[in-house]
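Asks: Take a look and give me a structure for this.
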Amino acid sequence: MTLADKKISTNRGMVKKTFLEKGIKYASELSLLNVLDLKKIIEWNIDNRIFLYRMSSDIFPWCSEYEFQDLPDFEKISGILKECGDIAKNKKLRLTFHPSPYCVIASERSDVVEKSIKELRQHGEIMDLMGLERTHQYPINIHINTTKPTKEDAANRFCESYNLLPQCVKKRLVVEVDDKKSQFTSVDLYNMVHLKVGIPVTFDYLHNECNPPELNEENSLKLCLSTWSEGIIPVTHYSDSKKLFEDSSSKEVAHSDWIWRGPETYGLNFSIELEVKMKEKALLKYRDSLMVSL
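Replies: The predicted structure follows:
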C-alpha cells in the first residue's frame, strides 16, 4: 500500500474487451511494468525488514489466454524475474502465491479442473523463472473450494487432480483450512488430503476460529505444522475478526483492517503471513507496538 501511493504496483491489468482489442502485445507491456515494480517491492520489503511476501497472481494479465514464452517481451521479463529471485534468495525473503478462489482442481467440471491446472502451472512457472527452488519454502497456497457432493468426494477429487499437476506446482502446493463451518477444518485436511498425498496444510487463525475442529487452537495449529517437511518452516495466516474489533455488522469471516490481538504462537517456530486489509501498514504499526512494549 505504501508503494501503491507512488503508482508502484504489480496489478496492472485490463478488462477482457481491452485484451481482445489490444492483444498479447499490450499484455506483454503491462507484464513488463509489473515485474519491474515487483523488483521495487521486493527491495522495499528487504529495506523495511519484511521477509515474507505474497506475490500478486495478477502479474501477467489474462495469462489464461497465452503462454509466457509467447509474450514479445518475454526475454526482458524473464531476466527481471530472475533478478527478483536472486535478490529474494540472497536476502532470505520468502515468497508465496495464493491463486484465486476460482482455481478449483477438485471441481466436478472437467473444464474448470483443466483451467485450474493451467493457472497453477503458470504460478509454478513464474517461481521457476525466478530461480526459486521447488520446495514448500516457496508455497503456492489454495483451498479445496468445493464440498460437492460431500467433503469426502471433493477431497478425493482434489487428491486425484493433485497427482496430475506438474512438478513445478506439486513440489510447492499447500492447502489451507477453510472459514465456513460446512467446509474443511484442519482435521479434515489432515485426514482427507495430507495422509493421502502428503501435501502440507496451512493453518489460518481466523478460519480456525470460525470453523473450529474438535481440537483447541494450540493442537489444531500443531497438527497443521506437523504436515510440513523437516527443514521447511511452516507458513500460517493471521487476521483478527473485523466483526469483533472494528465493525459489528461485518460477517464473522471478514478480515480486520488492523492487528488487534496478534497471534498466539505457543512457543512454536513458524512463519506468519498477515491477511489484514491494511497490509504492511498494519504490520509496521503492530511491530512498533511490540517494540514499545519491550
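Asks: going forward, measure contacts and count neighbours with C-alpha atoms only.
Replies: Will do.
Asks: Next one: Phe158 from Ile140, what distance?
Replies: Counting by C-alpha to C-alpha, to the nearest Å, the separation of Phe158 from Ile140 is 15 Å.
Asks: any idea of the mean pLDDT in the longest helix belonging to the chain?
Replies: As assigned by DSSP state H, the longest helix anywhere in the chain is helix 16-47. Averaged across helix 16-47, the pLDDT comes to 98.
Asks: Could you list the paired strands of the next helix-or-strand element following that helix along with their orientation?
Replies: Toward the C-terminal end, the helix or strand that comes next after helix 16-47 (DSSP states H and E) is strand 52-54. Here strand 52-54 has these sheet partners by DSSP bridges: strand 94-96 (parallel).
Asks: what does the strand it pairs with contact?
Replies: Strand 94-96 has contacts (C-alpha atoms under 8 Å, 6 or more residues apart in numbering) with 51-55, 88, 137-141.
Asks: where does this protein have low pLDDT?
Replies: Applying pLDDT under 70 to the chain flags the ranges 293-294.
Asks: residue boundaries of the strands in it?
Replies: Per DSSP state E, the chain carries strands over the ranges 52-54, 94-96, 140-142, 173-176, 201-204, 235-238, 271-274.
Asks: any idea how far the first one is from the chain center?
Replies: Centroid separation between strand 52-54 and its chain, computed with C-alpha atoms, centre = their mean, to the nearest Å, is 9 Å.
Asks: and if you look at the fifth one?
Replies: Taking C-alpha atoms, centre = their mean, the mean C-alpha location of strand 201-204 is offset from the chain mean by 11 Å.
Asks: that older thread, any idea which of the strands of the chain gets closest to Leu223?
Replies: Leu223 sits nearest to strand 201-204 of all the strands of the chain, at 8.6 Å, using C-alpha to C-alpha.
Asks: then the closest one to CSV, C-alphas only?
Replies: This file holds the C-alpha atoms of strand 201-204, laid out as CSV (Å, rounded to 0.1, in the frame of the first residue of the first chain):
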residue,chain,number,x,y,z
VAL,A,201,-1.8,-27.9,5.5
THR,A,202,-1.8,-24.1,6.1
PHE,A,203,-3.2,-23.1,9.4
ASP,A,204,-5.3,-19.9,9.4
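Asks: Just checking: what are the partner strands of that strand?
Replies: strand 173-176 (parallel), strand 235-238 (parallel).
Asks: among these, which is the most enclosed?
Replies: The highest average neighbour count among the strands paired with strand 201-204, using mean count of other C-alpha atoms under 10 Å, belongs to strand 173-176 at a mean of 24.
Asks: For it, give me every contacting residue.
Replies: For strand 173-176, the external contacting residues (C-alpha under 8 Å, 6+ apart) are 136, 139-144, 189, 199-204.
Asks: if we can go back for a sec, for the strands of the chain, which one sits closest to Lys222?
Replies: That would be strand 201-204 among the strands of the chain, by C-alpha to C-alpha, at 8.9 Å.
Asks: Show me the contact partners of the closest one.
Replies: Counting by C-alpha under 8 Å, 6+ apart, 141, 174-177, 186, 189-190, 194, 220-221, 224-225, 227-228, 234-238 sit against strand 201-204.
Asks: Also stretch 5-15?
Replies: With C-alpha under 8 Å, 6+ apart as the contact definition, stretch 5-15 has outside contacts at 3, 27, 30-31, 33-35, 37-38, 40-41, 56, 58-62.
Asks: let's go with 10 Å and repeat that
Replies: Stretch 5-15 is contacted from outside by 1-4, 19, 22, 26-27, 29-41, 55-62, using C-alpha atoms under 10 Å, 6 or more residues apart in numbering.
Asks: Quick one: residues contacting the spatially most central residue of the chain.
Replies: By C-alpha atoms, centre = their mean, the mean C-alpha position of the chain lies nearest to His98, the distance being 2.3 Å. Listed by C-alpha under 10 Å, 6+ apart, the contact set of His98 reads 54-57, 120, 123, 139-143, 173-174, 176.
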